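# Predicted coordinates and the sequence they were generated for:
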Amino acid sequence: RLQTVSKLRINDVNVDVGEESDNDVGENDTIGDPAMVEDEVVFTIDVENLFSDTDDINIEDVKVNMLIEGIDDGDDIDEDSEKKDIDKDSEESFEISFTVPLEADDKTYTITITAEGDDENGATHMATRMIKLEVEKEDDDLRITRSELGSQTILCGESTALAVQIRNFGKDDQNEAALV
């Protein structure tokens, strides 16, 4: 594989976190709004082919990769976009999304975004941008994640059982939590 001066550039990184948006997140910037567990995070990444009309070289099979190390209880999130060709002196948008894992810690994570493709001559072109995502957790955040009623119908004077699964999504231990 031939390596050359890259003619790919990441122009814009726009991020939707839950219902909030942050446009044009720059190198080493922190996304404007923190994410909560189970928030959907959507990245729209604009990648440009810097070859000019006179160069007349397209970059093919460009894909964007997003890597967040250790966010899912020590495991990584590693997502790829669809592949696209980018014509000379043109730009394409790529979308990658993920859901903040339940096991994410309350901290700031570094996200590595890499665009890579090959030109018509077989040379590889690559561009990278590092940004930060802050994940926040409430101190106290207990949720019922499953419930099951023993009987669907109950007559007056009868009883039934209710099975409930409760999960702690918060930062603090909930040793004295009770369902009343």
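Thanks, I have it.

# which residues of the chain fall in strands?
2-3, 8-17, 20-22, 40-49, 59-72, 75-80, 84-86, 91-99, 108-119, 123-134, 142-149, 162-168 (DSSP state E).

# Adding distance to N175, write the ones you listed out as JSON lines.
Yep, even glycine has a C-beta here, placed from its N, CA and C like the rest. Below are these laid out as JSON lines (distance: least, C-beta to C-beta, whole Å):
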{"stretch": "strand 2-3", "distance to N175": "56"}
{"stretch": "strand 8-17", "distance to N175": "31"}
{"stretch": "strand 20-22", "distance to N175": "33"}
{"stretch": "strand 40-49", "distance to N175": "31"}
{"stretch": "strand 59-72", "distance to N175": "25"}
{"stretch": "strand 75-80", "distance to N175": "27"}
{"stretch": "strand 84-86", "distance to N175": "51"}
{"stretch": "strand 91-99", "distance to N175": "28"}
{"stretch": "strand 108-119", "distance to N175": "28"}
{"stretch": "strand 123-134", "distance to N175": "27"}
{"stretch": "strand 142-149", "distance to N175": "12"}
{"stretch": "strand 162-168", "distance to N175": "10"}
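
# Which one of these lies nearest to P34?
Across those, P34 has its closest neighbour in strand 123-134 (4.1 Å, C-beta to C-beta).

# Can you name the residues bridging to T30?
K132 (DSSP bridges).

# Please report how far it lies from V100.
Note on T30: its distance to V100, by C-beta to C-beta, to the nearest Å, is 15 Å.

# cool, A127 as well?
Computed with C-beta to C-beta, the distance linking A127 and V100 is 26 Å.

# what sits against the nearest residue to R167 once chain neighbours are set aside?
Nearest non-adjacent residue to R167, counting by C-beta to C-beta, 6 or more residues apart in numbering: T145, 4.7 Å away. T145 sits next to Q165, I166, R167 when contact means C-beta atoms under 8 Å, 6 or more residues apart in numbering.
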